[in-house]
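**Student:** One predicted model, sequence on top.
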Amino acid sequence: MHRRLFLSATSGLVAAALAATLAATPAAAQSRKETLVVLVENGPNSMDIHGVGTSFRSYVAAWNMYDRLVTFGRKTLPDGTLSYDSSKIEPELAESFIMAEDGKSITFKLRRDATFHDGSPVTAHDVKWSYDRAVSVGGFPTFQMKAGSLEKPEQFVVVDDYTFRVDLPKKDKLSLPDMAVVVPAIFNSKLAKQHATEKDPWAMEWMKTNDAGSGAFKLEKWTPGQETVLTRFEGWKGGKASNVKRVILREVPSAGNRRALMERGDADISVDMPQKDSSEIVAEGGSGKYTVVGVPIENSLKYIGLVTTMKPFDNPKVRQAVAYAVPYEQIYKSAIYGRGIPMCCSDATGPKDASWPQPFPYKTDLEKAKKLLAEAGYADGFETTISIDLGDATASEPEAILLQEALGKIGIKATIEKIPGANFRSAMLQKNRPIHIASFGGWLNYPDYFFFWGYHGQNAVFNTMSYQNPAMDKLIDTARYEHDPAKYKAEVMKFIQLAMDDAPRIPLYQQILDVGMQKNIKGYTYWFHRQLDFRTIEKM
């Protein structure tokens, strides 16, 4: 079948499925005007933000189903787009908070009228259980809490039913912002405990597919690989409710189908649009049926990672050789169609300042790459593997093919491994994919936060390169607790320089989050976690 006819036929099938989903609701169901249909390439693989291997696509469920003690304020960007404001912390489940003068404790007063989705009150006991869980289950959530010096259950104190205190080992600028990210969600501890077992004391298995939140939306249905359906929680006390009463998050792997559905008006929003589509729609200047909002993702990079514990990538010269072989310009033009901020080819040999991200000094130079390989003892090249996330295949697959071709020119024969999106984070945890194309965005907009996750020897999940260097660790740790601006800047520039020299991670570009939406959609807000906040979105 001709490709265009095939896409037309398959998009018709997907549209029919969406229509069936809407029509199949009970008599009391909300009208199409009150239902938001959102298209994604891949959806959640868990409802539990603390789960092992929970993908970033699950953040949309955690953000909308659960409350946190505090949240970030909002601001308006120069182009009129709404964005979260990393400099402003506001109450959410807490009605107020106060930090001790020495910065070593924060006390929260909870809303007395907040309830969970089952109607039970939210108390400080639920908050403590939730924080205890986050720091105890290990993996990603525990590392995330540690980034704000939230490490031990003993730090979390129930003062009374509606007063909760966090004690800190020392003053940390990241502690309060860290409580506003996705991980420290507040769970219904009584409900969760009913499903806990001796082997599963934190009810991880049950929470993976169920809702124990107090957030603005509650889980109606989740069919992994197909759709997630949320309904508005009428008892939410954390802010002004949206006029959207139902959200259908529909998984449509084909970019062509997603675009066709949007053009036909069968969907309201398309998240993480392919760069080719967004570049074409932006070029139309808003004359099309729907618009695209593109915001550079703060503290974020698409990169090539090289596992430093595996030969030959334990040798810095081999890593530098790969950095000089990367076809940066081809990737920018052919894989992402200019929808990114280049992070290569700096005319300086080191960092220009303490900003992050910033361009590295590498540029395509095959002769230099061959010379470095020869110096490392690999003049004849070697064989290896490039691993990519199929959930990001629209960009990552052409990037991998271009990289594969370039490496072949310097004698490195690479095969491409395609990992299903739901399994990609678990695969990265194994730290055994020698070359991989991935992305990481730091939730807190500080360079030391990015490096704490991505380069520190604690070897967190996002240090996909398993890079460990005591000199790097010392610089990061010093910067994290430095309150003198001049000293902080000096430490940051030092660890950026080390990252450039050692090259365990080769930056490609700072990503742009492109979201397509029909012209009757208002209130979209860019968030650090790259997911939609349904609380602020309205259909006009």
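**Tutor:** Nice, I can see it.
**Student:** If you count contacts, what does the one helix or strand residue 448 maps to end up packed against?
**Tutor:** If you go by DSSP states H and E, residue 448 is part of helix 447-454. In terms of contacts (3 or more C-beta pairs under 8 Å, 6 or more residues apart in numbering; DSSP states H and E), helix 447-454 is packed against strand 435-441, helix 470-480, helix 485-502. Every C-beta, even on glycine, is put in place using the N, C-alpha and C of the backbone.
**Student:** who does the shortest one pair up with?
**Tutor:** Yep, that's strand 435-441 we're talking about. With DSSP bridges as the test, strand 435-441 is paired with strand 300-306 (antiparallel), strand 382-389 (parallel).
**Student:** now the helix or strand that the first one is followed by against strand 435-441, angle please.
**Tutor:** Beyond strand 300-306 on the C-terminal side, the first helix or strand identified by DSSP H and E is helix 316-325. Direction vectors for helix 316-325 and strand 435-441, defined by axes from the mean of the first three to the mean of the last three C-alpha atoms, to 10 degrees, enclose an angle of 80 degrees.
**Student:** What lies in contact with the helix or strand following helix 316-325?
**Tutor:** The helix or strand immediately downstream of helix 316-325 is helix 328-330, counting by DSSP H and E. By C-beta atoms under 8 Å, 6 or more residues apart in numbering, the list of residues contacting helix 328-330 from outside reads 342, 344, 345, 363, 364, 402, 508.
**Student:** Same check on stretch 403-411?
**Tutor:** The contact list for stretch 403-411 (C-beta under 8 Å, 6+ apart) reads 304, 321-322, 325-327, 331, 364, 366, 369-370, 373, 378-382, 384, 386, 413-416, 435, 437.
**Student:** try 6 Å this time
**Tutor:** The contact list for stretch 403-411 (C-beta atoms under 6 Å, 6 or more residues apart in numbering) reads 325, 327, 366, 369, 370, 381, 414.
**Student:** got it, and stretch 118-129?
**Tutor:** 114, 115, 156, 158, 161, 163, 164, 186, 189, 214.
**Student:** Let's see the pLDDT reported for residue 254.
**Tutor:** pLDDT recorded at residue 254 is 89.
**Student:** That one and residue 393, how far apart?
**Tutor:** Distance check for residue 254 against residue 393: by C-beta to C-beta, to the nearest Å, it reads 11 Å.
**Student:** what sits in contact with each of the two?
**Tutor:** With C-beta under 6 Å, 6+ apart as the test, residue 254 and residue 393 reach no residue in common.
**Student:** Comparing the two, which residue is more hemmed in?
**Tutor:** It is residue 393, of residue 254 and residue 393, that has more neighbours when counted by other C-beta atoms under 10 Å, with 19 against 16.
**Student:** what's the longest strand in this structure?
**Tutor:** The longest strand of the chain (DSSP state E) is strand 505-518.
**Student:** And the average pLDDT for the following helix or strand past that one is what?
**Tutor:** Sequence order places strand 521-522 as the next helix or strand after strand 505-518, per DSSP H and E. When pLDDT is averaged over strand 521-522, the result is 96.
**Student:** Other residues contacting the helix or strand that strand 521-522 is followed by?
**Tutor:** Later in the chain than strand 521-522, the nearest helix or strand by DSSP H and E is strand 525-526. Strand 525-526 has contacts (C-beta under 6 Å, 6+ apart) with 82, 83, 295, 533, 536.
**Student:** Now the buried members of the residues you listed.
**Tutor:** Using 16 or more other C-beta atoms under 10 Å as the burial test, the contacts of strand 525-526 include 82, 83, 295, 533, 536 as buried.
**Student:** ok, back up a step: which of the contacts of helix 328-330 ranks first by neighbour count?
**Tutor:** Busiest of the contacts of helix 328-330 [other C-beta under 10 Å] is residue 508, holding 26 neighbours.
**Student:** contact partners of stretch 51-69?
**Tutor:** Residues contacting stretch 51-69 (C-beta under 6 Å, 6+ apart): 42-47, 49, 92-94, 108, 139, 179, 182, 184-186, 208, 211, 213-215, 217, 238, 425-426, 529, 531-532, 534.
**Student:** same question, stretch 221-228
**Tutor:** Residues outside stretch 221-228 that contact it (C-beta under 6 Å, 6+ apart) are 43, 44, 229, 248, 249, 250, 251.
**Student:** at 10 Å what do you get?
**Tutor:** The list of residues contacting stretch 221-228 from outside it, by C-beta atoms under 10 Å, 6 or more residues apart in numbering, reads 17-18, 21, 37-38, 40, 42-47, 57-58, 60-61, 64-65, 208-211, 219-220, 229-231, 247-253, 420-422.
**Student:** quick one: the strands in the stretch 51-200 of the chain?
**Tutor:** Counting by DSSP state E, counting those that start in this stretch, one finds strands in the stretch 51-200 of the chain at the ranges 70-76, 82-91, 94-99, 105-110, 156-160, 163-167.
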